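In: quick one, fold the following:
(2 chains)
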Amino acid sequence: DTEVTQTPKHLVMGMTNKKSLKCEQHMGHRAMYWYKQKAKKPPELMFVYSYEKLSINESVPSRFSPECPNSSLLNLHLHALQPEDSALYLCASSYQSGDRGRVLVNEQFFGPGTRLTVL
Amino acid sequence: AQSVTQLDSHVSVSEGTPVLLRCNYSSSYSPSLFWYVQHPNKGLQLLLKYTSAATLVKGINGFEAEFKKSETSFHLTKPSAHMSDAAEYFCVVSFPLIYNQGGKLIFGQGTELSVKP
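Out: Here you go, the predicted structure:
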């Protein structure tokens, strides 16, 4: 299985709602990533998990809360979002440097994304 | 410091003609370089990657790219465009993986490829 899956595909939420995005991979990758992508722009890194621990937080507002329950799953909990948070949210995964010997190349596999609209 | 510049924000070609998408990079050490493609409202798909082996890299769907260290370039080419190639293309430089930290990707601003019938 060489696929990263994301659910839901589309999400519409109000500014007072609480919702979650889910990402799953079964490639044995131990690094997982959340990106935010606005229209006609490249993805922007939000969070990196390495061996189920948060290793990078790119100064993301606390209304976004990531969680990595196990090595295959990555969640992004959303609360009190703003309309400007509307975007495509992408999940990715990669091997980690200690995996399968000495992996150095950061080849990331992306999911199809969740299109989020905040009203 | 690492950076990526995609020299064209939009490229338009006719079906059956060659495609050239240009990318220059800046890196303080030997980089890993990738081209990703993104079709509308889809995720990113890896087209090809350069990781210090052969300088001419072949990818999926007939695309290839040549790593030229002297020119710090990694241009993407395809001999004959197909309508299905219309998409956004990102040139990406990768930091090496750091133990227990994952790795960062540096994205170019993207090139939108249009293919006319």
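
In: the most centrally placed residue in chain A and B:Pro79: what is the separation?
Out: Geometric centre of chain A, nearest residue: A:Trp34, 2.5 Å, by Cα atoms, centre = their mean. From A:Trp34 across to B:Pro79, the span is 37 Å (Cβ to Cβ, to the nearest Å). C-beta coordinates here come from the backbone N, C-alpha and C atoms, glycine included.

In: and A:Val12, by the same measure?
Out: Distance of A:Val12 to B:Pro79, computed by Cβ to Cβ: 43 Å.

In: again, but for B:His39
Out: 21 Å.

In: please name the nearest non-neighbouring residue to A:Arg115.
Out: Leaving aside its sequence neighbours, A:Arg115 sits nearest to A:His10 (Cβ to Cβ, 6 or more residues apart in numbering or on different chains; 4.9 Å).

In: hmm, the one you found is touching A:Pro112, no?
Out: No: contact criterion Cβ atoms under 8 Å: A:His10 and A:Pro112 do not qualify, at 11.0 Å.

In: residues contacting the nearest residue to A:Arg63 once chain neighbours are set aside?
Out: Once flanking residues are discounted, A:Arg63 sits nearest to A:Ala80: 5.0 Å by Cβ to Cβ, 6+ apart. For A:Ala80, the residues meeting the contact criterion (Cβ atoms under 8 Å, 6 or more residues apart in numbering or on different chains) are A:Met15, A:Thr16, A:Arg63.

In: quick check on A:Ala80: phi, psi?
Out: phi 60, psi 50 (degrees, to the nearest 10).

In: and if you look at the one 10 residues further on?
Out: Here is the backbone geometry of A:Leu90 (degrees, to the nearest 10): phi -110, psi 140.

In: now do the contacts for it.
Out: A:Gln6, A:Trp34, A:Tyr35, A:Lys36, A:Gln37, A:Pro43, A:Phe110, A:Gly111, A:Gly113, B:Gly43, B:Leu44.

In: any idea what A:Ile33 is bridged to?
Out: Rather than Ile, residue A:33 is Tyr. On the basis of DSSP bridges, A:Tyr33 is bridged to A:Val48, A:Ala92.

In: hmm, it is touching A:Glu44, no?
Out: No: contact criterion Cβ under 8 Å: A:Tyr33 and A:Glu44 do not qualify, at 11.0 Å.

In: out of these two, which sits in the busier spot?
Out: A:Tyr33 (30 against 15; other Cβ atoms under 10 Å in any protein chain shown).

In: is chain B within reach of the helix or strand containing A:Cys68?
Out: For A:Cys68, the host element (DSSP states H and E) is strand A:64-70. No: Strand A:64-70 stays clear of chain B (Cβ under 8 Å from any Cβ of the partner chain), getting no nearer than 11.5 Å.
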